[in-house]
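**Q** sharing a model prediction with you, sequence too.
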Amino acid sequence: MKKIVLMAILAIAGLTTTQAQTKKQAPKKATKVEEKKVEGPKVEGPGMVFENETIDYGTIKKGADGNREFVVYNNGNKPLTITNTQGSCGCTVPTKPSKDINPGEKGVIGVHYDTNRVGPFTKTVTVTSNASETPKVLTIKGTVVADEPAAAPVKS
């Protein structure tokens, strides 16, 4: 028994010193990311074009950050007013821009999904505005997985 304990201590000590000697990498410098510009065809009056009409959360853990954003551009020649955003259920809560989006400018529609609900999901957000193509239906999807159960303690 003493040999096993001694071997375990030596193994842990060896791993600890090996990890302590690894060279830390310098933080990466921020690189300029080009802003994705989505214009679409110019329209008379207010227009509404989205960068993406679907947000894929992928696989996320239960309780993870459920906030995402839809970016909308006004491709018209008059201000775009988003009058309402409505989630398909209580677990999806969208927020609309607080002011009008002028021609050629962008706005953000926030959406929060309740990530305490485990399993796959596909939900919609309905956007109502003064644009000619209204309402517009956006989609969020993904899978929420439960945290791994803690390993049971080993009895000796």
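**A** Here it is on my side, so go on.
**Q** after the helix or strand of the chain with the lowest mean pLDDT, which helix or strand is next? Please name it.
**A** Across the helices and strands of the chain, mean confidence by mean pLDDT, DSSP states H and E is lowest for helix 2-20: a mean of 57. Downstream of helix 2-20, the next assigned helix or strand under DSSP states H and E is strand 49-50.
**Q** for that next one, packing partners?
**A** Using 3 or more CB pairs under 8 Å, 6 or more residues apart in numbering; DSSP states H and E, the elements in contact with strand 49-50 are strand 67-73. To be clear about C-beta, it is placed using only N, CA and C from the backbone, and glycine gets the same treatment.
**Q** buried residues in the strand it packs on?
**A** Buried residues in strand 67-73, counted by 16 or more other CB atoms under 10 Å: Arg68, Phe70, Val72, Tyr73.
**Q** and the two most separated of these?
**A** Farthest-apart pair in the buried residues of strand 67-73 is Arg68 and Tyr73; separation 17.4 Å (CB to CB).
**Q** possible to save the buried residues of strand 67-73 as TSV with distance to His112 and pLDDT?
**A** Output for the buried residues of strand 67-73, formatted as TSV (distance: CB to CB, whole Å; pLDDT from 0 to 100):
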residue	distance to His112	pLDDT
Arg68	8	95
Phe70	12	94
Val72	17	94
Tyr73	22	94
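**Q** residues in contact with Gln86?
**A** Contacts for Gln86 (CB atoms under 8 Å, 6 or more residues apart in numbering) come out as Pro94, Val125, Thr126, Thr128.
**Q** cutoff 7 Å now
**A** Residues counted as contacts of Gln86 (CB atoms under 7 Å, 6 or more residues apart in numbering) are Thr126.
**Q** per-residue confidence for it?
**A** As summarised for this prediction, Gln86 has a pLDDT of 94.
**Q** the residue nearest to Thr139 when sequence neighbours are not counted and Asn130, how far apart?
**A** Distances taken as CB to CB, 6 or more residues apart in numbering place Thr54 nearest to Thr139, at 4.5 Å, with adjacent residues excluded. The spacing between Thr54 and Asn130, counted by CB to CB, to the nearest Å, is 24 Å.
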